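[1] okay, predicted coordinates and the sequence, questions at the end:
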Amino acid sequence: MRYQLDVPILAHERIADCEYEMTLLSPEIANCARPGQFLQILYDMTYNPFTRRPFSVYRVDREKGTFSIVYLARGVFTQGLRNKQVGQNLSVVGPLGNWFTPPDSPDVTLILVGGGVGAPPIYFFASELSAEGRADRTVVVINGARSESLLVGVREFSELDIEMHFVTDDGSFGARGVVTDVLLERLERQDGPVQVYACGPTGMLRAVGNLCIERDVPCQVSVETPMPCGLGVCMGCVVKIKDAASPDGFTYQRSCYEGPVFRADEILWE
Amino acid sequence: MRYQLDVPILAHERIADCEYEMTLLSPEIANCARPGQFLQILYDMTYNPFTRRPFSVYRVDREKGTFSIVYLARGVFTQGLRNKQVGQNLSVVGPLGNWFTPPDSPDVTLILVGGGVGAPPIYFFASELSAEGRADRTVVVINGARSESLLVGVREFSELDIEMHFVTDDGSFGARGVVTDVLLERLERQDGPVQVYACGPTGMLRAVGNLCIERDVPCQVSVETPMPCGLGVCMGCVVKIKDAASPDGFTYQRSCYEGPVFRADEILWE
Amino acid sequence: MTATTRPDLSVTLGPLKLKNPVMTASGTFGFGSEWADFFDLSRLGAIMVKAVTVHPRQGNPMPRMIETAAGMLNSIGLQNPGLDAFIAEKMPYLRQFDCPVIVNIAADNVGDFNTLAERLDTVPGVSALEVNISCPNQACGGIEFGVDPELTRQVISSVRARTRLPLIAKLSPNVTDITVIARAAADGGADILSLVNTFVGTAIDIKRRKFRIANRIGGLSGPCIKPLALYMVWRVANAVSLPIIGMGGIVNASDALEFMLAGASAVATGTINFVNPMAPVEIVEGIEQYLQSQGIASLSEIVGTVR
Amino acid sequence: MTATTRPDLSVTLGPLKLKNPVMTASGTFGFGSEWADFFDLSRLGAIMVKAVTVHPRQGNPMPRMIETAAGMLNSIGLQNPGLDAFIAEKMPYLRQFDCPVIVNIAADNVGDFNTLAERLDTVPGVSALEVNISCPNQACGGIEFGVDPELTRQVISSVRARTRLPLIAKLSPNVTDITVIARAAADGGADILSLVNTFVGTAIDIKRRKFRIANRIGGLSGPCIKPLALYMVWRVANAVSLPIIGMGGIVNASDALEFMLAGASAVATGTINFVNPMAPVEIVEGIEQYLQSQGIASLSEIVGTVR
Ligand SMILES: Cc1cc2nc3c(=O)[nH]c(=O)nc-3n(C[C@H](O)[C@H](O)[C@H](O)COP(=O)(O)OP(=O)(O)OC[C@H]3O[C@@H](n4cnc5c(N)ncnc54)[C@H](O)[C@@H]3O)c2cc1C
Ligand SMILES: Cc1cc2nc3c(=O)[nH]c(=O)nc-3n(C[C@H](O)[C@H](O)[C@H](O)COP(=O)(O)OP(=O)(O)OC[C@H]3O[C@@H](n4cnc5c(N)ncnc54)[C@H](O)[C@@H]3O)c2cc1C
Ligand SMILES: Cc1cc2nc3c(=O)[nH]c(=O)nc-3n(C[C@H](O)[C@H](O)[C@H](O)COP(=O)(O)O)c2cc1C
Ligand SMILES: Cc1cc2nc3c(=O)[nH]c(=O)nc-3n(C[C@H](O)[C@H](O)[C@H](O)COP(=O)(O)O)c2cc1C
Ligand code: FES
Ligand code: FES
């Protein structure tokens, strides 16, 4: 079920340099959102900026019927979002898109890789896996950003029952380097079956995906494209998905509908 | 001198039903604004609504370097204005236009007529006249609105050393009726020379103007037209001013530049 | 009219009778199935589906869309599953609703238009064809039929000869005088005119010094074009006697009513569907309220009354 | 280029050399005197004054303007004091500045255009003529020259024969193919092309059931038209070799640079002047910063580099 709802803002806090967490009340969305899904948020009823923008679900509290998003204030939309006050309503459409799917087998080690503002769905996924409480399953999270001030969820991730790695370009928190350094090292240490999940900037997704493909490690990535509608009708969010049946070798699929989560080995990066 | 300034909001209060007073810091404008002049206010830097809107100067405090405007929240612009917070800056251009000019002779009784959100410049004018403290000059103000909740400056006007009349359509405050009822009655009681000044909705200005023309009473009215630029360049604010030299019997004059204050007997109402 | 009587929202566009005047514009509503969670499609006056071509089309490379001031540019390039898949996979879904289905057909040659018309003529549930002679990018093929009156007449009359379905010609606004094209479409045998399609435009990324759209140019839609679309509807309404479906920048009932006052018998919501999925039904309700508040018994009374 | 060298902002448009590329578009800056409090006019690349006609014009009845989504419609109807008063009363003021004065001339017949050109040819301080063949409302006279290539050629060549001043043809965007008109203007002898003028549009008040503009239709300007104007500049730049003054919806340096990358050698600010009187000089500064940050020594290097 996809909803269009006007939902009140319950909390709105700066959590890091230019990064904000906004908590909204919506039992509908809290109940049915799954990790990797996103919402289309409307700026306001004057339609300026005109179109909605996609934001991933970060945390949900099913009991309280709340969910939150994290955003980096960078452009017109997200800078304006900062001015929204607790008590005001926000129009959201969602939850939209598909989600990260864990393997059936409990033996598989799951490595979740988040980069910058790609971390929110990774946190949601990790917290769900951690809540399942299956001690037999290993969950590893590698969360990276340019520097400490851009890392999402340092405290929140640390409270989960998982193997946690932080990494920053400048070494200001956790390891110095990029997420693929840690991923490579972690994959090399691993014997049993493993599956990778990633969300972050396109460059990172490609690097993570290629690294996994080379090693025959299954990998799901959540891609970021413009999302003019988010509803599957405009065709403005497509990615090339390999398709032997097509004369071109690919078909365009909608990252808002068939995605945003795709198998890394199916994507033809442009 | 006309300024373009980013000025901080010092106070912002609801003063009546849907009516708000916003106080801004600007010694430049406080010092040089004259009663009847206005400011062009920008909604915000996203240019939506795109153009500036005109608002009259209501109160100035030259010592503190502040001035205020009063607005009725009715359309997209003014409803949005309500959300502006103390501390935020507002871009203003002004002061613009001409102003109410008192007669040289102190013997003339001045009757100032305000209607609805036309009252702010009337208050500014009355307070300046009252501050001059010339006991030999009689200043009368007739301030009307549909009902009490839309009357501007009840307390402020009452504190001035003037003859004050309030009038509402529904009689909820002051006399029941319209401003022209009171004006007519007041003109009939008057022996000495008198001059009338008015600001308010176009219908009221016409009625006040015609009443004065019939009685040979000089009358200045501040007209309200759209003000796309307010700077005298777009020609989107013109009013027909009688002009015997023109083959049409009139020329169009800019209410933002030659106006907004015109002699009632010069206007050719459309 | 008493306050309790509900105003009559039904409209007649030549051979097409609709229970209300609000449709969803082609390309902004997919093939309907994506909307199931939002409202019952039976509440629409009609649904205009995404352009169908004879063969499947991949469409243009990404990026395909960019937001502009109060609008957006798009260059999708007619990505669609092709005629066979449309008939086999999309029509069965669409047929379930009490809602006329208008199929938007696109082609870069008259032959393909003919094929589309012939095949769709007999498909159950298809209520009308909208001939897209106005796609604003080269992906539609070498020729933009809709900017040339003679080509417009030819393609419309050729399609006309191949179907008994009500025929809608969708006009391009990228012309000097839209009434000339409108008359050509009427001469060719169109029953209804729909206007406008998007305006050609572009945007540049000054940092990367590249076009913001892979195809360089795109079609502009959204509130920014409303004044232009409204003018064109008014012009055509005063020049040609065919009924008009007006569109271009409609976001609410007030916009829709402007188009109807200017001469459109019905309207379509386009880009706003992306932003407010409930817009079409909210507009139906808003029109009803307007008629009630103005004491107008029937919507058709006001069509074209602003001259 | 070292960070300390200031980039060269000067531009050459055929016979016209400007110290920077930013002008103020005709009709949005009066005759300059209203701006004295905001900045020294010498900071402008050039000033394009409001349209001048042979005889004084009262212009259209009110209301003349209405705000639309990210833009405005206007139908001023060329209110201006006429040629004699312009020369006697406006030029003395304008002459004081170190800033080329481009006089926008409007007429509804070739004879009047000729008169304007002949008289202005010898007026000291006039740097160029901009022939307004593109005024979008009937107030300009029965004929809109700018939508017809042959009329365009005729009027431009007739004016050409009567002045040695640099000649700018101001093109209308309300055409199917603007390159055809651009070529006709070039054939007529224009030195420079300026584009675009406003797009024809309208708006309706649904409560009063009347047009919102007394003249029914008006010209649309502002950010809403930027994608369309930019496309037309790019089209013309690729089709005709004359230098271009680009305009339409420019509000900041980034917009101005888009036009230059698309092929304009200079730009003009229009409606934004009403909203941000400092826009022209802020844009000059913004362009300079862009060049500095991109390490470009001279603005002319980037003109037309996005193809
Ligand atoms: C499925 C999905 C989930 C998302 N979840 C989140 C989230 O949880 N938190 C969050 O902060 N953002 C998220 N985003 C990204 C966010 O929606 C966009 O970046 C948003 O449009 C920013 O809007 P803006 O107006 O502030 O920035 P803009 O002004 O649109 O852009 C600001 C800067 O970001 C760049 N930019 C904008 N959009 C993109 C893009 N799609 N890809 C790459 N660069 C871009 C611009 O070039 C510019 O430099 C998500 C995107 C997708 C597709
Ligand atoms: C010189 C001058 C001084 C002014 N001073 C003040 C002031 O001190 N306080 C104040 O509240 N307003 C003042 N106004 C009026 C105010 O600027 C406009 O009404 C403003 O545009 C309202 O903006 P909006 O977007 O909120 O309303 P809109 O959405 O523009 O309009 C709201 C309603 O008001 C009507 N309306 C809008 N503009 C006008 C108009 N020009 N004439 C008649 N009806 C109109 C509309 O039809 C609509 O019903 C002044 C106007 C002028 C010309
Ligand atoms: C993403 C997108 C895709 C479109 N695809 C089509 C199409 O396939 N066929 C067509 O005739 N019009 C198409 N259009 C044009 C719309 O149907 C409509 O004519 C136009 O967008 C103007 O209306 P609007 O401003 O309300 O969006 C498309 C528009 C958009 C924005
Ligand atoms: C109020 C107004 C008056 C105008 N008057 C003229 C004019 O007299 N002559 C002319 O050639 N263009 C005139 N224009 C058009 C502008 O010069 C410019 O071409 C157009 O507004 C597009 O630019 P913009 O979107 O930046 O405003 C006028 C525009 C406006 C808004
Ligand atoms: S965002 Fe519109 S189809 Fe995906
Ligand atoms: S508002 Fe533009 S000239 Fe007066």
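    In hand now; what should we look at? Ligands and ions are numbered 1, 2, ... in the order given.

[2] now do the same contact list for whichever residue of the stretch 51-200 of chain A sits closest to chain D.
    Nearest residue of the stretch 51-200 of chain A to chain D: residue A:76, at 12.4 Å (CB to the nearest CB). (C-beta placed from N, C-alpha, C; glycine too.) Counting by CB atoms under 8 Å, 6 or more residues apart in numbering or on different chains, residue A:76 touches A:49, B:46.

[3] now the helices for the chain?
    As the question left the chain open, I've gone with chain A. A:27-32, A:76-81, A:119-132, A:154-158, A:179-189, A:202-214 (DSSP state H).

[4] actually chain C
    C:83-85, C:91-94, C:110-121, C:149-160, C:178-188, C:226-239, C:253-262, C:272-275, C:279-294.

[5] what is the last one packed up against?
    What it means is helix C:279-294. Helix C:279-294 sits against strand C:22-24, helix C:253-262, strand C:266-269, helix C:272-275, with contacts defined as 3 or more CB pairs under 8 Å, 6 or more residues apart in numbering or on different chains; DSSP states H and E.

[6] the second one vs chain D: in contact?
    It refers to helix C:253-262. Yes. Helix C:253-262 comes into contact with chain D (CB under 8 Å from any CB of the partner chain), by way of C:254, C:257, C:258, C:261, C:262.

[7] before we move on, the earlier item: adding distance to residue A:190 and mean pLDDT, write the helices and strands packed on helix C:279-294 out as JSON lines.
    Below are those laid out as JSON lines (distance: least, CB to CB, whole Å; pLDDT from 0 to 100):
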{"stretch": "strand C:22-24", "distance to residue A:190": "51", "mean pLDDT": "98"}
{"stretch": "helix C:253-262", "distance to residue A:190": "59", "mean pLDDT": "98"}
{"stretch": "strand C:266-269", "distance to residue A:190": "52", "mean pLDDT": "98"}
{"stretch": "helix C:272-275", "distance to residue A:190": "43", "mean pLDDT": "98"}
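
[8] between these, which one is nearest to residue D:108?
    Nearest of the helices and strands packed on helix C:279-294 to residue D:108, taken as CB to CB: helix C:253-262 at 27.0 Å.

[9] the closest one vs ligand 3: in contact?
    No. Contact of helix C:253-262 with ligand 3 (CB under 6 Å from any ligand atom) is absent, the minimum separation being 8.9 Å.

[10] tell me how far that helix lies from the chain's centre.
    Distance, stretch centre to chain centre, for helix C:253-262: 15 Å (CA atoms, centre = their mean, to the nearest Å).

[11] quick one: contacts of it?
    If you take CB under 8 Å, 6+ apart as the criterion, helix C:253-262 is touched by C:21-22, C:226, C:229-230, C:233-234, C:237, C:246-247, C:249-250, C:266-267, C:269, C:282-283, C:285-287, C:289-290, C:299, C:302-306, D:202-204, D:206, D:209.

[12] report the buried members of these.
    Buried subset of the contacts of helix C:253-262 (neighbour count, 16 or more other CB atoms under 10 Å in any protein chain shown): C:21-22, C:226, C:229-230, C:233-234, C:237, C:246-247, C:249-250, C:266-267, C:269, C:282-283, C:286-287, C:290, C:299, C:302-304, C:306, D:202-204, D:206.

[13] let me know how buried residue A:136 is, in neighbour terms.
    6 (other CB atoms under 10 Å in any protein chain shown).

[14] contacting residues for the closest residue in space to it that isn't next to it in sequence?
    Nearest residue to residue A:136 in three dimensions, chain neighbours excluded: residue A:106, at 4.9 Å (CB to CB, 6 or more residues apart in numbering or on different chains). Residues near residue A:106 by CB under 8 Å, 6+ apart: A:134, A:136, A:137.

[15] pipe those residues into TSV and attach pLDDT per row.
    Compiled in TSV, the contacts of residue A:106 are given as follows (pLDDT from 0 to 100):
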residue	pLDDT
A:134	74
A:136	73
A:137	83
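
[16] tell me the one of the residues you listed nearest residue B:167?
    Looking across the contacts of residue A:106 and measuring by CB to CB, the closest to residue B:167 is residue A:134, at 78.2 Å.

[17] where does chain C dip in pLDDT?
    Within chain C, the segments meeting pLDDT under 70 span C:1-4, C:136-143.

[18] hmm, back to that, between the helices of chain C, which gets nearest to residue A:34?
    Once the helices of chain C are compared by CB to CB, helix C:272-275 is nearest, at 23.1 Å.

[19] so residue A:111 makes contact with residue A:185?
    No. Contact status for residue A:111 versus residue A:185: not in contact, 11.2 Å apart, counting by CB atoms under 8 Å.

[20] show me which of these two is the more surrounded one.
    A direct count of neighbours by other CB under 10 Å for residue A:111 and residue A:185 places residue A:111 higher, at 26 against 14.

[21] confidence score at the more buried one?
    Here the pLDDT value assigned to residue A:111 is 96.
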